[in-house]
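Undergrad: Could you look at this predicted model? Sequence included:
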Amino acid sequence: MEKEKKKKTNKKFIIIVSTLVLLGVVYGGYKYIHSLSHEGTDDAQIRANMTPIIPHVSGYLNKVYVSDNQKVQQGDTLFVIDDQDYQVQLEQAKANLAAAESQVSVSKASIGSYQANAVASRAQVSSAGQSIATAKVKLRRASNDFDRYKNLYANHSITAQQFEQAEADMQEAENQLQMLKSQERATTSQSNAARSQTEISEKQVAVADAKVKAAQAQLDAAQINLGYTVVTSPIDGQLSNVDIQEGQYVGPGQALFYLVNSKNKWVIANFKETQLTDMNLGQKVGIDVDAYPGTEFEGEVAAFSPATGARFSLLPPDNATGNFVKTVQRLPVKINFTSANDAEKLEKLRSGMNVTVDVHLK
């Protein structure tokens, strides 16, 4: 009896061991065959764009319209900064622009006045030139008469009174010519001054136009800054912890909280360099999310990092120093979700969740 029981026990043991060995061989064979056309890793996480909410202007918060982890749409108001100072700056910019435009009008009016003076001066110069020409003719005639009367007086053909009258006419013609020349020089000087003043006024108009442009730029900047007091959501997404409150002072460039893009998500998988031999862009990828077991998402290889993760670290290793120990490096690979996935299920995924990826090499 004991021998029969022992034989039965040995037979059961042999059957169990054989079954386990068979299962191990089958599983090992499946894994081997699977590895010929697949590469996988559990060193992978879901990623999404995280936009920091940063105000462009400083001030005290008047109103906060959002709370922690709230979902928002593009254009939704997040918070409002007190705009009293920016309203004052806007009004001041408007006043500066009006003053600059008035200066342009005054300068242009001055140009018209100086241009009229210049035209009048040029007309006077022209008239003086004509008068001088006439005076020269009279002087020449008076000089000729004087010469004739001088000869006649020497021959006692005319009286002394007639000779003196001819001499007086010549001197009067000379004086008239000199007076007209002096007037011409004065008129020419006035014309040059009017022309110079016109040029100066034209330059003043150019300066005034530049001031108008500068004032307009200040007005535009004031309007932009006033608009910056209302901070809106740049995209659709979900907020992180909103650690701000009304009355708090915020400054430009200060990251207050984050807005996570809810529509654009992808996976970053860190594969060993020895796994990249047969991996190519566009290959299908199975994605298992630890948070949702039993649900497989579909993706495809979108991009390979230009360097290993170690090269992007704060203190990258330098193999030229110290003792060298070869370690297998990992390369980040970007995997995009395809349109075949259920949108509602994708909506549940969060940035930073751990996943396991399986790349279909063939």
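TA: Structure received.
Undergrad: next structured bit after the helix or strand bottoming out on mean pLDDT in the chain?
TA: Least confident helix or strand of the chain, by mean pLDDT, DSSP states H and E, is helix 2-37 with a mean of 66. Past helix 2-37, further along toward the C-terminus, the next helix or strand under DSSP states H and E is strand 38-53.
Undergrad: helix, strand or coil for D220?
TA: Using DSSP: H, G, I helix; E, B strand; the rest coil as the criterion, the local structure at D220 reads helix.
Undergrad: burial count for M50?
TA: 12 (other C-beta atoms under 10 Å). Placement of C-beta: from N, CA and C, glycine included.
Undergrad: That one contacts S262, doesn't it?
TA: No: using C-beta atoms under 8 Å, M50 is not in contact with S262, being 11.3 Å away.
Undergrad: What score does the nearest residue to P317 once chain neighbours are set aside have for pLDDT?
TA: In space, and not counting its chain neighbours, P317 is closest to A310: 5.8 Å by C-beta to C-beta, 6 or more residues apart in numbering. At A310, the model reports a pLDDT of 84.
Undergrad: Next, the contact list for A310, please.
TA: 316-317, 329-330 (C-beta atoms under 8 Å, 6 or more residues apart in numbering).
Undergrad: I'd guess it is in a helix, am I close?
TA: Yes: read with three-state DSSP, A310 is one of the residues of a helix.
Undergrad: What segments of this protein are helices?
TA: Secondary structure of the chain, counting by DSSP state H: helices at 2-37, 84-154, 160-227, 343-348.
Undergrad: mean pLDDT for those helices: which is lowest?
TA: Taking the mean pLDDT of each of the helices of the chain, the lowest value is held by helix 2-37, a mean of 66.
Undergrad: got a list of what the spatially closest residue to R350 that is not a sequence neighbour touches?
TA: Of all residues not flanking R350 in the chain, I46 sits nearest, at 6.8 Å (C-beta to C-beta, 6+ apart). Neighbouring residues of I46 by C-beta under 8 Å, 6+ apart: 265-267, 289, 349-353, 355.
Undergrad: how much space between I46 and R330?
TA: When distance is defined by C-beta to C-beta, to the nearest Å, I46 is 17 Å away from R330.
Undergrad: Might you report the residue contacts of Y60?
TA: Under the criterion of C-beta under 8 Å, 6+ apart, the contact list for Y60 reads 81-82, 247-250.
Undergrad: Make a markdown table from those residues and add pLDDT and neighbour count to it.
TA: Rendered in a markdown table, the data for the contacts of Y60 read as follows (pLDDT from 0 to 100; neighbours: other C-beta atoms under 10 Å):
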| residue | pLDDT | neighbour count |
| --- | --- | --- |
| I81 | 96 | 23 |
| D82 | 95 | 16 |
| G247 | 92 | 10 |
| Q248 | 94 | 12 |
| Y249 | 95 | 11 |
| V250 | 94 | 18 |
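Undergrad: So which of the contacts of A310 wins on neighbours?
TA: When those are compared by neighbour count (other C-beta under 10 Å), R330 ends up highest, at 19 neighbours.
Undergrad: Tell me if I'm right that D236 and Q73 touch.
TA: Yes: with contact defined as C-beta under 8 Å, D236 counts as touching Q73 (5.4 Å).
Undergrad: In terms of neighbours, single out the busier of these two.
TA: When D236 is set against Q73 and neighbours are counted by other C-beta under 10 Å, the residue ahead is D236, at 16 against 10.
Undergrad: Model confidence for that one, exactly?
TA: Predicted confidence (pLDDT) at D236: the value is 91.
Undergrad: residues in contact with it?
TA: Neighbour list for D236: 72-74, 261-263 [criterion: C-beta under 8 Å, 6+ apart].
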